[in-house]
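Q: need a 3D model of the following:
(chains A and B)
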Amino acid sequence: ILNVEQSPQSLHVQEGDSTNFTCSFPSSNFYALHWYRWETAKSPEALFVMTLNGDEKKKGRISATLNTKEGYSYLYIKGSQPEDSATYLCASIGYSNYQLIWGAGTKLIIKP
Amino acid sequence: EAQVTQNPRYLITVTGKKLTVTCSQNMNHEYMSWYRQDPGLGLRQIYYSMNVEVTDKGDVPEGYKVSRKEKRNFPLILESPSPNQTSLYFCASRSPGVLAGETDTQYFGPGTRLTVL
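A: Sure thing, here's the model as predicted:
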């Protein structure tokens, strides 16, 4: 794939449930994969920067895995809380020009 | 505190009236970018700068200009704004990354919501 694709586009999850979503990116010339969290009326904030195949990062209830050979990353949220409601963006960086290529995001809505 | 600031935060203007959105960062980063965000389209890069006096077009540069006369500032200029430039704009500053022994992270400004009538 030439672009970064995120799925699903939006997701409604019941409070307390766990969820996950996907970021697919070009696997050739891979340098790094970024995850950002973007709350409404705020600016995006970095969650994870991942570079190595098999990498797994964790921050509280949120974790991410990386498969550079097949070109995908999963973001997991365990025990969703209302404050997890946000759009989650991923961006891929290639060795060719070190520019970030952004996905369109997954909008997560937690239902109380 | 490390931060990226943008001004103004909100702006309503009319077609053809030149405007500048300022952006400033206090992290001594060399790399800075401008993005626009439109519903359903995600973040699209307008211009980026890898250092002072070095700027390059991003994905959607038409109708915009930038300048990078000093490291901390990266203003976005709309010489003749049009309604299709109504959008949410973000300035961002990027740390050097692993080659400099740092985590490659992008820091975003608070955003500027621009409406062109």
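Q: list the buried residues for the longest strand along chain B?
A: Counting residues, the longest strand in chain B under DSSP state E turns out to be strand B:42-51. Buried residues in strand B:42-51, counted by 16 or more other Cβ atoms under 10 Å in any protein chain shown: B:42-43, B:45-49. Yep, even glycine has a C-beta here, placed from its N, CA and C like the rest.
Q: just the pLDDT for the residue positioned nearest the centre of chain B.
A: Note on chain B: the residue nearest the mean C-alpha position is B:Trp34, at 2.5 Å, using Cα atoms, centre = their mean. B:Trp34 carries a pLDDT value of 98.
Q: and the nearest residue to it once chain neighbours are set aside, what does it touch?
A: Excluding its sequence neighbours, the residue lying closest to B:Trp34 (Cβ to Cβ, 6 or more residues apart in numbering or on different chains) is B:Ile46, at 4.3 Å. Counting by Cβ atoms under 8 Å, 6 or more residues apart in numbering or on different chains, B:Ile46 makes contact with B:33-36, B:58-61, B:64, B:66, B:76, B:89.
Q: do that again at 6 Å, thanks
A: B:34, B:36, B:58, B:60-61, B:64 (Cβ atoms under 6 Å, 6 or more residues apart in numbering or on different chains).
Q: can you list contacts of stretch A:80-94?
A: Here stretch A:80-94 makes contact (Cβ under 6 Å, 6+ apart) with A:4, A:13, A:17, A:19, A:23, A:25, A:29, A:31-39, A:44, A:75, A:77, A:100-103, A:105-107, A:109-110.
Q: give the bridge partners for B:Asn73, please.
A: On the basis of DSSP bridges, B:Asn73 is bridged to B:Ser24.
Q: just the helices in chain A please.
A: For chain A, no helices are identified by DSSP state H.
Q: quick one: the helix or strand bottoming out on mean pLDDT in it near chain B?
A: Within chain A, no helix or strand scores below strand A:100-102, which has a mean of 90 by mean pLDDT, DSSP states H and E. Yes: interface with chain B: strand A:100-102 contributes A:Trp102 (Cβ under 6 Å from any Cβ of the partner chain).
Q: tell me the helices and strands packed up against that strand.
A: Using 3 or more Cβ pairs under 6 Å, 6 or more residues apart in numbering or on different chains; DSSP states H and E as the contact test, the elements touching strand A:100-102 are strand A:86-94.
Q: okay, now the residue nearest to A:Leu52 when sequence neighbours are not counted: neighbour count?
A: Once flanking residues are discounted, A:Leu52 sits nearest to A:Leu66: 7.1 Å by Cβ to Cβ, 6+ apart. By other Cβ atoms under 10 Å in any protein chain shown, the residues close to A:Leu66 number 24.
Q: would you confirm that A:Leu66 contacts A:Thr51?
A: No: A:Leu66 lies out of contact with A:Thr51 (Cβ atoms under 6 Å); the separation is 8.0 Å.
Q: next, the buried residues of stretch A:37-46.
A: For stretch A:37-46, the neighbour count (16+ other Cβ under 10 Å) marks A:37-38, A:43-44, A:46 as buried.
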